[in-house]
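1. Mind looking at a prediction? Sequence and model below.
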Amino acid sequence: MAAITAAMVKELRQATDAPMMDCKKVLVEADGDMEKAKELLKERGIAKAAKKADRIAAEGLAGLKIADDFSRATVAEVNSETDFVAQNEGFQNLVKDTAEEIFNNNPADVEAFMSSDFGNKFTESVTKIGEKIELRRFATLSAEPNESLNGYIHSNNRIAVIVKAKCDSEKTAECMRDTLKQVAMHASAMKPSTLSYKDFDLAYVEGETHGRIEALKKENEELARLKKPLKNVPQYVSMMQLTDEVMAAAEARIKEELLAEGKPEKILDRIIPGKVARYILDNTLLDQEQALLDQQYVLDDKLTVAQAIEKAAKACGGTAEITEFVRLEVGEGIEKKEDDFAAEVAAQMS
C-alpha cells in the first residue's frame, strides 16, 4: 500500500476544497491514486447532495448576462438554503459562471444543464459550499436587428429582468435600449406576472373580481372609521371586462351625472374623456397589478408602460412595442420550511 503523505493530502484538499480527513480517507482507499481519490470525493459529494435533497433551497441569487451588442440576454436563479451562503464569494462566482455558461451554450432546460460538464462542476459545489444548492430556472431572449433588448439586475442580486421590444427600424431599436432598461427596473419593483391583460383567461378574471371588490369595500370601512377619503369601488377589475357596451353605458352614466350637477352641455366633451379615463383606471385593478403593459409607469404615473414605450419610440423617430419579458425573483413561489431547531438538535444527539 502506498504511503499517504501530508503533501498528498494538501494537494487533494487544494484541488477539491474537501475536508482534510475526507481527503486522507479517500487517498487511503485509492492507494495514493490522486485521480481516483478525486472521483471518490466527487461520488461522495453527490451522495451528500442527495442527503440534502429534502431540504428547501429558497434563498440564493439571480444572475444576468447581456451580450455586448444587446442581441441576447440570459437570466438565471440559483438557490441556496441560507442567505449566509448567498453572501459567500464562492457561491456568487458560481451564479455568475452559471449565467455565463447558459448564455454561451443555451441548454434546453435545467436537466440538460445539469447533465453537462459544467453541471457536474455545479454539483461538486454542494460539497465545497456545504449545503444544498440548485439551479432552479433560467431563460434567454434573443433580439433580431429590428428588435431592442435590455435587462436589469437589482442591487440585492435577487431580482433579474429582461425586456424585449419590436421596433420599426434598427435605429429605433438602438435608441430604445435605455428605455427598456428603465422598464426592466419598473418590472423589478412592480412584479408583473404577464405582458398584457389580453393574456388573462376570462374565467380567471371573473374569479378575481368579487374578492377584489369585497377587499376594497372592507378597506373603505376602515377608511371611513378613520375619517379618511374613500376609494372608488369598481364594478370590474380588468380591461377584458370593459366591452363596448359596458363603456357606452359608463359614458352615458357619466354624462347624466355631469348634467345633474349642472355642468353646461357645451363643455361636457372636455370633461367626459378624463372621467372615462378615471373609470378605466378604477376598473382595471387586476391589469395594473399583474400585466406589465397596463401598469402605471413608475417614472411617469400618468402613463401606462405601453404608453411610455410609445412616447419614447416617437422621440426616437419610430415605433416600438414590448413583445416579451422575463422576470426572476429568488425564492418566488417556494414555500419555506420552518425548522424546529430544538427537534433538529435532539435528532442529532440521538
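-> Looks like it arrived, so ask away.
2. Domain map for the protein?
-> Split into domains by automatic domain parsing, the chain comes to 6-51, 59-190, 197-290.
3. how long is the longest one end to end?
-> Start and end residues of domain 59-190 are separated by 21 Å (C-alpha to C-alpha, to the nearest Å).
4. Report all helices and strands that the helix or strand Leu27 falls within contacts.
-> Under the criterion of DSSP states H and E, Leu27 resides in helix 20-29. Counting contacts by 3 or more C-beta pairs under 8 Å, 6 or more residues apart in numbering; DSSP states H and E, helix 20-29 is packed against helix 6-16, helix 34-51. Where you see a C-beta, it was placed from the backbone N, CA and C, and this is true even at glycine.
5. Which one of the ones you listed has the poorest average confidence?
-> If these are sorted by mean pLDDT, helix 34-51 sits at the bottom with a mean of 67.
6. Strands along this protein, start to end?
-> For the chain, applying DSSP state E gives strands covering 59-66, 72-80, 133-142, 147-153, 159-167, 296-297, 300-304, 320-329.
7. Could you tell me the model confidence score at the residue nearest to Ala76 when sequence neighbours are not counted?
-> The spatially closest residue to Ala76, leaving aside those adjacent along the chain, is Phe138, at 3.9 Å (C-beta to C-beta, 6 or more residues apart in numbering). Looking at Phe138, its pLDDT stands at 97.
8. same thing with Asp54?
-> Looking at Asp54, its pLDDT stands at 54.
9. Lowest-scoring secondary structure element of the protein by mean pLDDT?
-> helix 341-349 (a mean of 43; mean pLDDT, DSSP states H and E).
10. what about Pro107, neighbour count?
-> Using other C-beta atoms under 10 Å, Pro107 has 19 neighbouring residues.
11. what do you get for Arg212?
-> Count around Arg212 with other C-beta under 10 Å applied: 16.
12. show me what contacts the residue lying closest to it once chain neighbours are set aside?
-> Closest residue to Arg212 apart from its sequence neighbours, by C-beta to C-beta, 6+ apart: Val237 at 5.2 Å. Residues in contact with Val237 (C-beta atoms under 8 Å, 6 or more residues apart in numbering) are Val205, Glu208, Thr209, Arg212, Ile213, Asn283, Thr284, Leu285, Leu286, Asp287.
13. got CSV for these, with distance to Met247 too?
-> CSV is the format used below for those (distance: C-beta to C-beta, whole Å):
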residue, distance to Met247
Val205, 16
Glu208, 20
Thr209, 17
Arg212, 20
Ile213, 19
Asn283, 10
Thr284, 12
Leu285, 17
Leu286, 17
Asp287, 15
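14. What about those, which one has the most neighbours?
-> For the contacts of Val237, neighbours tallied by other C-beta under 10 Å; top is Asp287, 27 neighbours.
15. roughly how far apart are that residue and Pro234?
-> Using C-beta to C-beta, to the nearest Å, Asp287 is found at 12 Å from Pro234.
16. now swap in Ala99 and tell me
-> 42 Å.
17. More neighbours: the two, which one.
-> The neighbour comparison of Ala99 against Pro234 (other C-beta under 10 Å) goes to Ala99, with 27 against 19.
18. Okay, and the beta partners of the closest residue to the more buried one other than its chain neighbours?
-> Once flanking residues are discounted, Ala99 sits nearest to Gly63: 3.2 Å by C-beta to C-beta, 6+ apart. Note on Gly63: beta-bridge partners by DSSP bridges are Ala76.
19. Hmm, Gly63 is touching Ala160, no?
-> Yes: between Gly63 and Ala160 there is a contact at 6.8 Å, judged by C-beta atoms under 8 Å.
20. quick one: common contacting residues for these two?
-> Shared contacts of Gly63 and Ala160, defined by C-beta under 8 Å, 6+ apart, are found at Val75, Ala76, Glu77, Ile153.
21. quick one, what contacts the second one?
-> Applying C-beta under 8 Å, 6+ apart, one finds that Ala76 lies in contact with Ala62, Gly63, Val95, Thr98, Ala99, Ile102, Leu135, Arg137, Phe138, Ala160, Leu328.
22. I'd like the distance from the last one to His154, if you could.
-> Read that as Leu328. 11 Å.
23. Look at these two and report which has more neighbours.
-> Remark: of Leu328 and His154, Leu328 carries more neighbours, 21 against 17, as counted by other C-beta under 10 Å.
24. For the more buried one, give me the pLDDT.
-> Looking at Leu328, its pLDDT is 97.
25. Could I get the contacting residues of Gly90?
-> By C-beta under 8 Å, 6+ apart, the neighbours of Gly90 are Ser125, Lys128, Ile129.
26. For Lys218, give its distance to Gly211.
-> To Gly211, Lys218 is 11 Å away according to C-beta to C-beta.
27. let me fix that: Val326
-> Relative to Gly211, Val326 is positioned 28 Å away (C-beta to C-beta).
28. If I look at the nearest residue to Asp199 once chain neighbours are set aside, what pLDDT would I see?
-> Computed as C-beta to C-beta, 6+ apart, the closest residue to Asp199 that is not its neighbour in sequence is Ala291, at 7.0 Å. pLDDT for Ala291: 98.
29. so Ala291 sits right up against Ser196, yeah?
-> Yes: with contact defined as C-beta under 8 Å, Ala291 reaches Ser196; the gap is 5.2 Å.
30. of those two, who's got more company?
-> The neighbour count for Ala291 versus Ser196, taken as other C-beta under 10 Å, is higher for Ala291 (24 against 18).
31. Quickly note the distance from that one to Lys302.
-> According to C-beta to C-beta, Ala291 stands 18 Å off from Lys302.
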